[in-house]
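S.K.: Sequence and predicted structure, then a few things I'm wondering about:
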Amino acid sequence: MLILFNSLSIHIQNALEKAFPEAAAQAHASGKALDPQLVPASKPEFGDFQVNGALKLAKPLKQSPRIIALAITDQLKADQDFLNICNPPEIAGPGFINLKVKAECLIAEIRNQLQDKRLGVPVIDSSNDQMASSTVVVDFSSPNIAKEMHVGHLRSTIIGDSIARILEFRGHKVLRLNHVGDWGTQFGMLISHLKTVAPEALITADVIELGDLVNFYKQAKQRFDEDIHFQTTSREEVIKLQNGDSKTLKAWKLICEQSRREFQQIYNRLDVRLSERGESFYNPFLEQVIDDLNDSNLLVIDDGAKCVFLQGINGKDGRPLPMIIQKQDGGFNYATTDLAAIKYRFNTSPEGDGAHRLIYVTDAGQANHFAGVFQIAKRANWIPDGGRIEHVPFGLVQGSDGKKLKTRSGKTIRLRDLLDEAIDRSEADLRRRLKEEDRTENDDFIKHVASTVGIAAVKYADLSQNRITNYQFSFDRMLSLQGNTAPYLLYALVRIAGIARKGGDLDTATDNLIFKEGQEWSLIRTLLKFDEVVVEVEEELLPNRLCTYLFELSQIFNRFYDQVPVLKANEPYRSCRLALCRLTANTLNLGMNLLGIPTLERM
RNA sequence: GGGCAUGUAGCUCAGUUGGAUAGAGCAUCAGAUUCCGGUUCUGAGAGUCGGGGGUUCGAGUCCCUCCAUGCUCGCCA
């Protein structure tokens, strides 16, 4: 109903300006038009939309809200185009105007939607918005080389992928960048440790298992924390790497390649597509960052390190907090890389990505870091006019004890183990149900359903939560067939597929749509909200809003299914209800697709 | 100590530029089935929106203050 909403918005704006021409002229002169505050109705009994503006305007217009509302509705009642869309408006409460869209208008919308693969979601208008045609960078997932992916990478990967999908669907050119940790001190540690414990790993591929590599990494970290001499050699190794020393570089490449293959297995399982562009990519641009900051007089040498002092962010001592761009020993650290990345991403091709919006999906713990880095980028004038740079933070994954999710023995949980467990539990659950219902299915079916439901449950549980707060992980809750879960949504789709199997032609003709049941109308109204939700999520970057919508749609569909017969209905109702089923399935499928969640016909 | 975030029903959480009587799910209790997959649906109870002040026609939402929790604060990322 996005188009309808926009059209109503214009009519109401006109009505308001006709009703109060002087105030409108004055408002225009000051550059800010009178706002009628048209929004979706807060409750179904208020209709489809409501106008809240009359209350706000009471003071500047020096009239009571109801008088203002009356003046607006009088204008609307004289507007035939408006009356073609809505029933005559009603004033309610202290001065709200309630609008109800006409049935024939809703039906026309449904008919359009049935023929529209995009379900009413517009492609971004690149003629209207010059920025629209340029690129959006979504920086997400970003595991570290020589480590295994763990639950900490889960949220970034799932949320980032969904955001990227939604932006792509809206027609943006999206760069999905995997900013892997393949550079820096950690590599110095690992390589210098391997030199003593497993030198062959530095010259030959795959001589050690990734699991062992992870262990070596942990040992190296421990050594680094305890041994000052080792710290020095590690740092020297980093410098060698950053200067392109061929031996070190070769060792580094071997390790990266091994990790990369491991990550890819996880991404394949999650159906997530990423372009790897690790921290190392920006190595050639680091010097330029220093020069640029120096040229804009932001760089200060303090304690031998090159820093930028942040504005409005103080450290423990109360002095402005420095961000270290180049360390005493000449090495660069992650702030330098992030700054180089910002520059590169905003720069136009061929020296950059030509992006107009940068989105970073990382945990909330990095909020300070990004605030600092973004501030420097702004002060250095690297952000073009109209350019946006956003940190999309998310909270911790916690166990049901409210603490950071760990294994029973207190270790971090590997992502592959977590996915395995979700699928195993899903399979056990499926087998139990098959037994109870005396159904027999072959192993391929069981495996397919178990893995689809398992992955869907993990993803949906994560996405359905407002990302900013911490999130309590529970297999039992996410795999439950009741409540706001992936299985519940999948079940609605399975029911529709069941109708089709039992002889319902979902592609039946839809020229003469006619409805009479309340459940049909509430389904219709819910279906037509899809486009608004997608556009909102694109702006707010909150996929949980899409989840809430899809859950509500499933609930309303189940109510409809429960109370209104489809296959047994007489024509023309049968065909019309089949059309609603088809549109519900299309909407759920597209919505789930935008979340990156697979769907099923039977389960 | 400074900064940031969070605090809503027994539990897990929604709540869109400030809008009408604060909403879901789970759990609990009570109901519904000749039926397209009951893995469903209907209903009920349950709240000082952390406390207190303020802004205004109106505050869960904005401002101030206090409390609690989490994250973070110079050479890791």
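M.R.: Structure received.

S.K.: Report how many residues lie close to A:Ser575.
M.R.: Residues lying near A:Ser575 (other Cβ atoms under 10 Å) number 20. Every residue, glycine included, has its C-beta placed from N, CA and C.

S.K.: Surely it and A:Asp507 touch.
M.R.: No: A:Ser575 is beyond contact range of A:Asp507, at 10.2 Å (criterion: Cβ atoms under 8 Å).

S.K.: what does the stretch 151-300 of chain A put close to RNA strand B?
M.R.: A:Gly181, A:Trp183, A:Gly184, A:Thr185, A:Gln186, A:Arg235, A:Glu279 (Cβ under 7 Å from any atom of the strand).

S.K.: actually the stretch 401-550 of chain A, not the one I wrote
M.R.: A:402, A:433, A:437, A:465-466, A:468-472, A:477, A:480-484, A:487-488, A:491, A:494-495, A:497-499, A:501-502, A:504, A:536, A:542, A:544-545, A:548.

S.K.: cutoff 6 Å now
M.R.: A:433, A:465-466, A:468-469, A:471-472, A:481-484, A:487-488, A:491, A:494-495, A:498-499, A:502, A:536, A:542, A:544-545, A:548 (Cβ under 6 Å from any atom of the strand).

S.K.: distance of the closest residue to RNA strand B within the stretch 151-300 of chain A from A:Glu237?
M.R.: In the stretch 151-300 of chain A, no residue comes nearer to RNA strand B than A:Gly184, which is 2.8 Å away by Cβ to the nearest atom of the strand. Counting by Cβ to Cβ, to the nearest Å, the separation of A:Gly184 from A:Glu237 is 11 Å.

S.K.: And A:Gly483, by the same measure?
M.R.: 52 Å.

S.K.: need the contact list for A:Gln206.
M.R.: Just so we're on the same page, residue A:206 is Asp rather than Gln. A:Gln258 (Cβ atoms under 8 Å, 6 or more residues apart in numbering).

S.K.: What values do phi and psi take at it?
M.R.: Main-chain torsions, A:Asp206, degrees, to the nearest 10: phi 60, psi 30.

S.K.: That one and A:Lys56: what is the separation?
M.R.: A:Asp206 sits 67 Å away from A:Lys56, going by Cβ to Cβ.

S.K.: wait, doesn't the residue of the stretch 151-300 of chain A closest to RNA strand B sit right on A:Gly278?
M.R.: No: shown here, A:Gly184 and A:Gly278 do not form a contact pair, counting by Cβ under 8 Å, at 10.2 Å.

S.K.: pretty sure A:Asp35 is in a helix, no?
M.R.: No: residue assignment for A:Asp35, taken from DSSP: H, G, I helix; E, B strand; the rest coil, gives coil, which places it outside any helix.

S.K.: What values do phi and psi take at the residue nearest to the spatial centre of chain A?
M.R.: What sits nearest the mean C-alpha location of chain A, by Cα atoms, centre = their mean, is A:Ile163, with 3.1 Å. The phi/psi pair for A:Ile163 (degrees, to the nearest 10) reads phi -60, psi -40.

S.K.: same thing with the one 10 residues further on?
M.R.: Listed backbone geometry of A:Lys173 is phi -80, psi 120, with angles given as degrees, to the nearest 10.

S.K.: partner residues bridging it?
M.R.: Bridge pairing for A:Lys173 (DSSP bridges) gives the partners A:Thr135.

S.K.: And the pLDDT for it?
M.R.: Listed pLDDT for A:Lys173 reads 94.

S.K.: hmm, who's touching whichever strand or helix holds A:Thr233?
M.R.: If you go by DSSP states H and E, A:Thr233 is part of helix A:228-242. Applying Cβ under 8 Å, 6+ apart, the external contacts of helix A:228-242 come out as A:183-185, A:187-189, A:191-193, A:220, A:223-224, A:248-249, A:252, A:283, A:286, A:329-332.

S.K.: and after that helix, which helix or strand comes next?
M.R.: helix A:246-270.

S.K.: by how many degrees do that following helix and helix A:228-242 diverge?
M.R.: 80 degrees (axes from the mean of the first three to the mean of the last three Cα atoms, to 10 degrees).

S.K.: Could you give me the buried positions within helix A:246-270?
M.R.: A:248, A:251-252, A:254-256, A:258-260, A:262-263, A:266-267, A:269-270 (16 or more other Cβ atoms under 10 Å).

S.K.: circling back: my read is that the residue nearest to the centre of chain A contacts A:Glu390, right?
M.R.: No: at 10.2 Å, A:Ile163 and A:Glu390 do not qualify as touching, with contact defined as Cβ under 8 Å.

S.K.: Who has more neighbours out of A:Gly184 and A:Glu237?
M.R.: Per other Cβ under 10 Å, whichever of A:Gly184 and A:Glu237 has more neighbours is A:Glu237, with 23 against 20.

S.K.: Contacts only, for the residue of the stretch 151-300 of chain A closest to RNA strand B.
M.R.: A:Val238, A:Glu279, A:Asn333, A:Tyr334, A:Thr337.

S.K.: Filter those down to the ones in strands?
M.R.: Judged by DSSP state E, strands contain none of these.

S.K.: partners of A:Phe394 in the sheet?
M.R.: Beta-bridge partners, per DSSP bridges, of A:Phe394: A:Asp363.

S.K.: Could you say which helix or strand holds A:Cys105?
M.R.: Using DSSP H and E, A:Cys105 falls within helix A:103-114.

S.K.: hey, C-alpha coordinates of that helix in PDB?
M.R.: Extracted C-alpha coordinates of helix A:103-114, given in PDB (Å, rounded to 0.1, in the frame of the first residue of the first chain):
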ATOM      1  CA  ALA A 103     -12.900  -2.300  -0.300                       C
ATOM      2  CA  GLU A 104     -12.700  -2.000  -4.100                       C
ATOM      3  CA  CYS A 105      -9.400  -0.100  -3.700                       C
ATOM      4  CA  LEU A 106      -8.000  -2.900  -1.500                       C
ATOM      5  CA  ILE A 107      -9.000  -5.500  -4.000                       C
ATOM      6  CA  ALA A 108      -7.400  -3.600  -6.800                       C
ATOM      7  CA  GLU A 109      -4.200  -3.500  -4.700                       C
ATOM      8  CA  ILE A 110      -4.400  -7.300  -4.100                       C
ATOM      9  CA  ARG A 111      -4.900  -7.800  -7.900                       C
ATOM     10  CA  ASN A 112      -1.800  -5.800  -8.600                       C
ATOM     11  CA  GLN A 113       0.200  -7.600  -5.900                       C
ATOM     12  CA  LEU A 114      -0.800 -11.000  -7.400                       C
END
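
S.K.: For that helix, name the packing helices and strands.
M.R.: With contacts taken as 3 or more Cβ pairs under 8 Å, 6 or more residues apart in numbering; DSSP states H and E, helix A:103-114 sits against helix A:518-527, helix A:573-595.

S.K.: Ok, which of those helices comes nearest A:Lys378?
M.R.: helix A:573-595 (31.5 Å; Cβ to Cβ).
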